[in-house]
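J.: Return atomic coordinates for the entry below.
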Amino acid sequence: MRFDLHRELNPEQCHAASTIEGPVLIIAGAGSGKTRMLTFRIAHMLETGIDPSHILALTFTNKAAKEMAERIRSLTGMPLKNLLATTFHSFGMRILKQYIHHLGYRNNFTIYDGADRQDLLKQVILSQDLDVEDYDLFELGNLFSDIKTKRSVWNNGASERLKNIYAEYNKHMKAYNAVDFDDLIMMPLRLFEEYPEILEKLRGQYTHVMVDEFQDTSLAQYRMVHFLTEKSRNLCVVGDDDQSIYSWRGANYQNIVMFENDFPERKEIKLERNYRSTGNILEAANQLIVHNAQRKEKKLWTDSGNGSFIYMMHPQDEAIEAVEIARKIRDIHLHRDRKFGDFGVLVRTNHLIPTLENQFMVENIPCQISGGQSFFERKEVKDMVCYLKVLANPDDDISFLRIVNTPRRGIGRMTLEKMRQVSDSKHCSLFSAMSLLAFATDGNLKDAQAKTLQNLVEMVNRYRDRIFHAGNRKHQVLKALAGEIDYKGHLIDQHPDNEKAVQWKMKSIDMLCDMFGRWENDPDNYASSLYDYLNRITVAGRESEDSADDKVHLMTMHASKGLEFPFVFLAGVEDHIIPHARTIEEHPEALDEERRLFYVAITRAREELYISSCENRKRGRETGPSVPSRFLQEIPSQLFAPEEPDKEATKEDVSEMIRKMKARFARIDQSQQG
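T.: Numbering: from 1, shown residues only. Coordinates of the predicted model:
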C-alpha cells in the first residue's frame, strides 16, 4: 500500500493529508475535495503504521460516515474492520453500551426518539395531574433539550412546575432504562468527568481523532473530542465557518475559535480550490460571503473557466414562478438531453414546496422531496418497531402503550388505569403490572378482561422467546407476528374505503421485514442482537429509501447541505423569505447565518444557477408586492445574464425538439433491447 500524495492531491490537500501528528485545523471551502483529502489522510496514517483501531473519524450523518469508510477500504484494499468512522451519536452509544452501568442503567438500554420523548412528556404531565393541552410538547421537548445540553439554564422566572416536569421526565427515563439523543452526548461527558479511568482507557484507544463538518459541532460535541485528545494533541478538525447554518439545533461555529485557544500549536491549512462549480458561480458566492465580518478569510477559485452567467427570473407570483421553473427544467431536459436527477430546486422554507410540487405533477415532471417523513416515522412501521421494542424490553412503557390496543383488543381506559395503579404500587413496568392483573385470583377483572390480558402476555412472551432463539431469522418472526395480530385487518378497519392505502401500508411492513433481514444476514452483523438493531434504526433512523429514479430534487436550502447538482434553481429569493422575516430585525449574527445559508445554496450548483424572485407573493389570504432579497445586491451585476424578452418558438425550434426526442427514444429502445 503505497501512495504518492503529491500526484494524487493538489498541494494544499497534500499538506493536509500528510500532516498527521499534532492539532490541525483544515478550512475546507465548498467543493474543495475534502472527502478525498480525508480518505488519503487516513490511508497515509495507516501507511505510516498507525493501528486502524486507534483512528476515530467523526461526522454528522451515517451516510457520510459510511461513504468515508467505503472510500478508505476501496483505496487501501483492506477490510479495516477496526477502523471507526461514525457519527457523534453512534460513538456516544458505543461508549454507553460499555459503561452506562456506572450511571445506574442496564446495558440493554432503549433509545427514545423525538416521538417517544413527546409520548413520555405527555405521560409525565398527566402523572402530575396537569392538563396536557396546556403544553406545547414540541416546544417543551426543545426547552428540556437546551437545559440538558447546557445551551440554556433555568431563568429566574422559570416555574417550579416546569422544573418538576423536567425532573420527573429524567426519573421516568431512568426507570424505563431509556436514553434520548441528548443523553448519547451528555452521558459520555458525565462518564469522562466522574470516572477518569474510563476517559484514560478511551484516550489510549483513540490516539488520532478527526472531525468532519466541524462548524456543525455543538459545544458538548467539541467537549467530547477535546476530552479525548487533550493529552495526545492529535486532533484534526475539518470545516468551513462559511457553511455554518445549524445554530438553531445547537451548532456552534465559534468552536473553531475555541479549538484555536485550546490548541495554540495547531497547524492551519486552507483548501480554496473548488472542483464543483464554474467561475461565475464561485465569484457570486465569494462576493456574497465577504459581507460577513466574523469569518476565516478565504476565496474559492477554479481553473475550469467562468461558465455561464447566473440567470434571474422575475415571475409575477408564486404560481407563475412554479410554471416557469417547471418549464425551464423540461426545456433543458428535452433540448439538452439532461436527466431530471440533474436538477435541484431549493427553497428557504417548507411552505414554498407544495406550489412547486403541484406544478411538477401538472407538468408530469417526476420529483423527490428530500427531508420529508422518515420511513421509520410512518405509523405502520412505528407500530411494528414498537412490537420489536416490547419483545426486546417488556419494561419499555412507551412502546407498550403504543401496542396495547394496536390492533384494538378492547383493553379500555379503566383497565389501563388499574395497570397504572399496580405499576405505581409495585414499582414495576406496565407490562409486569398487566401480567400480575391478568393472572390475579382476587377478581379485580372480569373473566373476559382477564383472558384478553392473558392472551397478550402469552403472545409477547412466546414471540420474545422465538425472536431470541431465531438466529438470523428474526425478521421472519416479525413477519409472523404481523400476521398473528392481523395487522392487515387493523388497516382495513382504519381505511375501509381505501384499498390502496391498506396495500401501501402493508408494503411498508414488508419493506421493514426485508430491511431487517438484510441487516441480520450481513456478515458484519452476525454477532449483533435485537437490541443492536433497534438502537441502530433509532440512531440512524434514516434507512435510505431514496431510489435511483430520475427525479428532480425539491428541498429546503438546509436539506441541500452536502449535495450538488448540475442545475440549481433557487425559488422565492425575496426579503422576509431569505433572509427570513424573523431574522431581519434580530442581532446581526442571525442575518449572517441567513447569508451563510444563501452561500450554501449557491455553491450547490455545478454548471448553471437560476434565481427566482417574485413580483408579488401570497401571504395568508392577501397577495402583496415582494422585494428582492437584499443578498442579491451583494452579487456583482455583471455575473447575471442580460435579460431577454420571451420569444415564440419557431417551426424550426419545434422540428429540432421532435428530432432530439426521437433520437433519445431510439437510444432508450436500443439499450432496452441490448
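J.: Going by C-alpha atoms from here, please, whenever you check contacts or count neighbours.
T.: Noted.
J.: what's the distance between K174 and L143?
T.: Between K174 and L143 the distance is 19 Å, computed by C-alpha to C-alpha, to the nearest Å.
J.: again, but for R338
T.: Plainly put, R338 is 46 Å away from L143 if you go by C-alpha to C-alpha.
J.: swap in K97?
T.: Counting by C-alpha to C-alpha, the separation of K97 from L143 is 27 Å.
J.: ok, for F3, nearest residue in space, not its chain neighbours?
T.: Spatial nearest neighbour of F3, excluding adjacent residues (C-alpha to C-alpha, 6 or more residues apart in numbering): H44 at 7.4 Å.
J.: Can you give me the pLDDT of the one you found?
T.: pLDDT for H44: 94.
J.: Wasn't it part of a strand?
T.: No - if the criterion is DSSP: H, G, I helix; E, B strand; the rest coil, then H44 is helix and not within a strand.
J.: just checking, it touches H15?
T.: No - H44 is not in contact with H15 according to C-alpha atoms under 8 Å; the separation is 11.7 Å.
J.: which of those two has more neighbours?
T.: For the pair H44 and H15, the greater number of neighbours falls to H44 (22 against 18), based on other C-alpha atoms under 10 Å.
J.: which residues touch L25?
T.: Taking C-alpha atoms under 8 Å, 6 or more residues apart in numbering as the definition of contact, the neighbours of L25 are 236-238, 266-269.
J.: My assumption is that it lies in a strand; please confirm.
T.: Yes - using three-state DSSP, the assignment for L25 is a strand.
J.: in the sheet, who's paired with it?
T.: Each beta-bridge partner of L25 is listed here: V237, E268, as defined by DSSP bridges.
J.: Quick check: it vs E265, distance?
T.: The spacing between L25 and E265, counted by C-alpha to C-alpha, is 11 Å.
J.: same deal with N252?
T.: 22 Å.
J.: okay, those two: which has more neighbours?
T.: When neighbours are counted by other C-alpha under 10 Å, N252 comes out ahead of the other of N252 and E265, with 22 against 12.
J.: Next one: that one from Q243, what distance?
T.: From N252 over to Q243 the distance is 12 Å, taken as C-alpha to C-alpha.
J.: Give me the common contacts of those two.
T.: Q215.
J.: what comes up buried for whatever helix or strand N286 lives in?
T.: Here N286, judged by DSSP states H and E, is contained in helix 279-289. Neighbour-count burial for helix 279-289, with 16 or more other C-alpha atoms under 10 Å as criterion, is recorded at 279-286, 288-289.
J.: Reformat those residues into a markdown table and put pLDDT and distance to Q368 next to each item.
T.: Written out in a markdown table, the entries for the buried residues of helix 279-289 read as follows (pLDDT from 0 to 100; distance: C-alpha to C-alpha, whole Å):
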| residue | pLDDT | distance to Q368 |
| --- | --- | --- |
| G279 | 97 | 29 |
| N280 | 97 | 28 |
| I281 | 98 | 25 |
| L282 | 97 | 27 |
| E283 | 97 | 30 |
| A284 | 97 | 28 |
| A285 | 97 | 26 |
| N286 | 97 | 30 |
| L288 | 97 | 29 |
| I289 | 97 | 30 |
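J.: Just send those residues back as a markdown table, with distance to W154 too.
T.: Listed next are those as a markdown table, based on distance: C-alpha to C-alpha, whole Å:
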| residue | distance to W154 |
| --- | --- |
| G279 | 49 |
| N280 | 49 |
| I281 | 45 |
| L282 | 44 |
| E283 | 45 |
| A284 | 43 |
| A285 | 40 |
| N286 | 41 |
| L288 | 38 |
| I289 | 36 |
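J.: From those residues, pick the one nearest T149.
T.: Using C-alpha to C-alpha, I289 is the member of these that lies nearest T149, at 30.5 Å.
J.: Roughly how far does the closest one sit from Y246?
T.: I289 sits 17 Å away from Y246, going by C-alpha to C-alpha.
J.: what do you get for R536?
T.: Plainly put, R536 is 24 Å away from Y246 if you go by C-alpha to C-alpha.
J.: ok, E520 touching Y526?
T.: Yes - counting by C-alpha under 8 Å, E520 sits close enough to Y526 to count as a contact (6.4 Å).
J.: could you list every residue that touches Q449?
T.: Q449 makes contacts with I411, as judged by C-alpha under 8 Å, 6+ apart.
J.: and it, which of the three is it?
T.: Classification of Q449 into helix, strand or coil gives helix, according to three-state DSSP.
J.: All further residue positions should be reported with the first residue as 613.
T.: Okay, residue one is now 613; in that scheme the one you just asked about reads as Q1061.
J.: more crowded one of E1132 and Y1138?
T.: For E1132 versus Y1138, the count of surrounding residues by other C-alpha under 10 Å is larger for E1132: 21 against 12.
J.: Which residues are in contact with the residue nearest to that one when sequence neighbours are not counted?
T.: For E1132, the nearest residue in space outside its immediate sequence neighbours is N1084; the separation is 5.5 Å by C-alpha to C-alpha, 6+ apart. Shown here is N1084, whose contacts under the criterion C-alpha under 8 Å, 6+ apart are 1129, 1132-1133, 1138.
J.: Need phi/psi at E809.
T.: In this entry, E809 is assigned phi and psi values of phi -70, psi -30 (degrees, to the nearest 10).
J.: Tell me the confidence at it?
T.: At E809 the predicted local confidence, pLDDT, stands at 97.
J.: Alright, calling it a day.
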